[in-house]
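Engineer: Any chance you could fold what I've pasted below:
(chains A and B)
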Amino acid sequence: MIEVRGLTKYYGDHAAIRQLDFDIASGEVIGFLGLNGAGKTTTLKILSCILLPTAGTVVVDGVDALSNPHEIRKRIGFLPDTPPLYNEMTVGEYLTFAARVRGVARRGTASAVAAAEEKTGLVHKHKELVGRLSHGYRQRVGVAQALVHNPALLILDEPTSGLDPLQIVEMRNLIKGLRGQHTLLISSHILAEISQTCDRLLVIQAGEIVRQGTEEQLATSMGTRVDVEIDLEGDTAQVVEKLRALPLVLNVATGPQQDSLARLVVTTDGDHRPELVAAVVAAGGRVMRVERGRARLEKIFLELTKKKESAGTQEGMLS
Amino acid sequence: MNNVLTIAGRDLGAYFRTLSGYVIFALVLMIDGLLFNAFALGEPDRRSADVLTKFFYFSSGTTMVASVLISMRLLAEEKQTGTLVLLTSSPLRDRDIILGKYLSGVTFMSMMTLATVYMPLLILVHGKISWGHLFSGYLGLLLLGGATLAIGTLGSTLARTQVLAAIISGVMVVLLLTCWLLTRVTDYPINEVVLEMALYHRHFTSFTLGIVRIADVLYYGMVSYVALFLAIRSLEARRWR
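Structural biologist: This next block holds a predicted model:
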C-alpha cells in the first residue's frame, strides 16, 4: 500500500530524516517507534502530504505523493500530536466541516459524521462544544476527524499523548476497533502501546530506520534476552537445577512467592517457552502460569537506541 | 468553489461564535458614530455632500484598521492553535484555503461597513444626499477594505502569531499609505509610479466625492490580487519548511 524509498528531509543543514526505506502492506497496523526528535513527526507529515521531502519518493496505492498529493490526501486521515480542533464548534459541526474539507460529498456528510461518531464513541457528545470536552474526548474527536472520510490509511501521531491511564485504555480499545477497517500507522514513544496494538514495528533513531519487523523478529535478530516468568508447584530446587543445565538458559532467578506458588524468572537468548515448560515438567514441577517478560520491547528499544548512540559517539571520536 | 465556500462559512461563523468578532464590530460602529457626530454633524452650516465626503474620509481609516484586525486571525490563529493541519492535510488546494479565508473576512468587513449606513442616512433629516454619491463612497470603502484585508491575509500567512500578523500587515498598509511622500524626493517617472501605488492618496479621494473611476477600481482589484497571490505562494512555501 505504501512504498517509501530514500526519503530524506533537511531543515537547513540539519537532516531530520535520511534515506528512509520501508513498505506498509494494506491492513497492517504499524508502530512507528522513536525517541523525541528522532524524525517520527517529520516522516508522518511527509506521508500525509503536509511537508515536501528534500529527496526520495512516497507511493500510496500506486500514486506518487509528490506529483499527485491531492489524490493521496483523499486516501489518508491524519491525527497530529495536537488534535486540530476548533473549540467554538460543537462536535457535530466540527466533524461536518472536517468531512466537507476532506472531500465527502454534501449528501453523504451526515452519514459519514454519524459513522465516525459511532466508531469513536462520540454519539452522545454530538451537540457538545469541543472546547468543553475532556482531554480524552478531544483526542477521540481528533481520531474522528481523521477517519470521517473513511480513508484507507490512518496516521496517528502520539494518539495517547497526555491521556490518563483510563483514557489510554479507552484509546487503545478504540485503535484496536479500527483494525481491519484501515491500515494504521501509529507513532509513539510509549512502548506498551505499540506492543499491544501493532503487528509490526519501524524503529527510527536520529533520522534513520534502525530496525523493522515484528517484535519477535526484532528480538531474534538482535539476540535480545527474554525473561520468562514461571509460577509452579513442586520441588523448586530440582527445577532450577534442571533449567540451569539447559544451554539456552542464561540465568534463573527466584521471584516472590505468589499464593503458595513459587515464581522463577528464567532469562533465555530468545523465546523458548515450550522448552522451558518441558524442562520444568521433566523435573517434576507443575506449571501453573508461564508469561513472557513484559519489558521485552523496552529492552529492544533501549538496545537499539544505545547501539545507535554509541555508534554516533564512535563516529564523533574518529572524526 | 465548494471548498472555498465551506472554509468561508466556518470562518465567518467563528467571528460570531467568539467575542473578538463582536468586539471589532462594536468598536468600529462606535468609533464611526463618534467621528460622525464630532466632525461631520458637529460643525454648523455645511453642505450635505460635504458631510458625506467627510464621513467617507474618516470611515476609510476605521475600515483599514478593522480590516487589519479582522485578517490577523485568518491563518496566524490556525498556526497558533495547530488547526491549520486539518486544512493542509485535506484534499484542498492552497488557493482554496486562502480564498475561503479571505472571503470570510471580506464578508464580515462588508457587513460591518454596511452597518454604518444609518449614519449618512441621518443627513436626510435636515438635508439631501445623492444616492450615487452614497453608492460611490461605500464602493470605495469596500474596495479599500478588501485590499487591506488581502494585505492582512498575506501578513497572516507570514506570521506565527496574531499579534505579529497585525504588526506585519500594519507596516505593509502604512508603507502603501505613505509611499506618495516619496514623490517629493524622486524624479519623473518614478514619482508617478510611486504616486500610483499609494493606497489612499491617489485612488480613494474620488470615491469620497462621488466619482467612480475605473482606474481606481482596477487599482484596488490589482492590490488584492497581488496580495492574495503572494499569500497563496507563502502558504505553499510552508510545505518546504
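Engineer: For the residue in the stretch 101-250 of chain A positioned nearest to chain B, grab the count of nearby residues.
Structural biologist: In the stretch 101-250 of chain A, the residue that lies nearest chain B is A:Val101 (4.4 Å; C-beta to the nearest C-beta). All C-beta spots, glycine's among them, are computed from the backbone N, C-alpha and C. Taking other C-beta atoms under 10 Å in any protein chain shown as the criterion, the count of residues near A:Val101 is 25.
Engineer: Quick check: it touching B:Ile7?
Structural biologist: Yes. Contact criterion C-beta atoms under 8 Å: A:Val101 and B:Ile7 qualify, at 7.0 Å.
Engineer: what residues do the two have in common as contacts?
Structural biologist: B:Leu87, B:Leu92 (C-beta atoms under 8 Å, 6 or more residues apart in numbering or on different chains).
Engineer: just checking, A:Ser188 touches A:Leu35?
Structural biologist: No. Checked against C-beta under 8 Å, the pair A:Ser188 and A:Leu35 is beyond contact range at 11.2 Å.
Engineer: Look at those two and report which has more neighbours.
Structural biologist: Between A:Ser188 and A:Leu35, A:Ser188 has the larger neighbour count (other C-beta under 10 Å), namely 21 against 15.
Engineer: residues touching that one, list them.
Structural biologist: So A:Ser188 contacts A:Gly31, A:Phe32, A:Leu33, A:Glu158, A:Pro159, A:Thr160, A:Ile194 (C-beta under 8 Å, 6+ apart).
Engineer: tally of neighbours for the closest residue to A:Asn36 other than its chain neighbours?
Structural biologist: Counting by C-beta to C-beta, 6 or more residues apart in numbering or on different chains, A:His189 is the residue found nearest to A:Asn36 once chain neighbours are left out, at 6.6 Å. Neighbours of A:His189 under the rule other C-beta under 10 Å: 16.
Engineer: about what we covered before: per-residue confidence for the residue of the stretch 101-250 of chain A closest to chain B?
Structural biologist: Per-residue confidence (pLDDT) for A:Val101: 94.
Engineer: Helix, strand or coil: sort out the residue nearest to it when sequence neighbours are not counted for me.
Structural biologist: Of all residues not flanking A:Val101 in the chain, B:Ser90 sits nearest, at 4.4 Å (C-beta to C-beta, 6+ apart). Three-state call for B:Ser90 (DSSP: H, G, I helix; E, B strand; the rest coil): coil.
Engineer: Dihedrals phi and psi, B:Ser90?
Structural biologist: phi -90, psi 160 (degrees, to the nearest 10).
Engineer: And the pLDDT for it?
Structural biologist: For B:Ser90, pLDDT reads 93.
Engineer: Please verify my assumption that it contacts A:Ile76.
Structural biologist: No. Counting by C-beta under 8 Å, A:Ile76 is not a contact partner of B:Ser90; they are 9.7 Å apart.
Engineer: what bits of chain A have low per-residue confidence?
Structural biologist: Residues of chain A meeting the criterion pLDDT under 70: A:219-224, A:258, A:293-297, A:305-319.
Engineer: Residues of it that sit close to chain B?
Structural biologist: Counting by C-beta under 8 Å from any C-beta of the partner chain, the positions of chain A adjacent to chain B are A:11, A:48-52, A:70-71, A:73-74, A:76, A:78, A:80, A:82-86, A:88-89, A:97-98, A:100-103, A:106, A:145.
Engineer: let's go with 7 Å and repeat that
Structural biologist: A:48-52, A:70, A:73-74, A:78, A:80, A:82, A:84-86, A:88, A:97-98, A:100-103, A:145 (C-beta under 7 Å from any C-beta of the partner chain).
Engineer: Let's see which of those residues end up in helices.
Structural biologist: Using DSSP state H, the members of the residues of chain A next to chain B that fall within helices are A:His70, A:Arg73, A:Lys74, A:Phe97, A:Ala98, A:Arg100, A:Val101, A:Gln145.
Engineer: Dihedrals phi and psi, the residue nearest to A:Asn36?
Structural biologist: phi -110, psi 10.
Engineer: Next, the contact list for the nearest residue to B:Tyr200 once chain neighbours are set aside, please.
Structural biologist: Take B:Tyr200 and drop its neighbours on the chain: the residue closest to it by C-beta to C-beta, 6+ apart is B:Leu177, 5.4 Å away. Taking C-beta atoms under 7 Å, 6 or more residues apart in numbering or on different chains as the contact definition, B:Leu177 lies against B:Ala198, B:Leu199, B:Tyr200.
Engineer: Next, count neighbours for the second one.
Structural biologist: It stands for B:Leu199. Around B:Leu199 there are 25 residues (other C-beta under 10 Å).
Engineer: just the first one next, same as before
Structural biologist: Using other C-beta under 10 Å as the criterion, B:Ala198 is surrounded by 20 other residues.
Engineer: A:Leu163 too?
Structural biologist: So A:Leu163, with other C-beta under 10 Å, has 20 neighbours.
Engineer: re earlier: ranking by neighbours, what's the top pick from the ones in helices among the residues of chain A next to chain B?
Structural biologist: Going by other C-beta under 10 Å, A:Ala98 tops these with 30 neighbours.
Engineer: Look up the closest residue to that residue, ignoring the ones flanking it.
Structural biologist: Per C-beta to C-beta, 6+ apart, closest to A:Ala98 is A:Gln145, 4.0 Å.
Engineer: quick one: the one you found from A:Ile168, how far?
Structural biologist: 20 Å (C-beta to C-beta, to the nearest Å).
Engineer: Please identify which helix or strand holds residue 156.
Structural biologist: Defaulting to chain A. strand A:153-157 (DSSP states H and E).
Engineer: My question was about chain B, not that one.
Structural biologist: helix B:131-158.
Engineer: Give me the packing partners of that helix, helices and strands only.
Structural biologist: Using 3 or more C-beta pairs under 7 Å, 6 or more residues apart in numbering or on different chains; DSSP states H and E as the contact test, the elements touching helix B:131-158 are helix B:48-81, helix B:94-114, helix B:162-178, helix B:205-208, helix B:214-237.
Engineer: Thanks a lot, catch you later.
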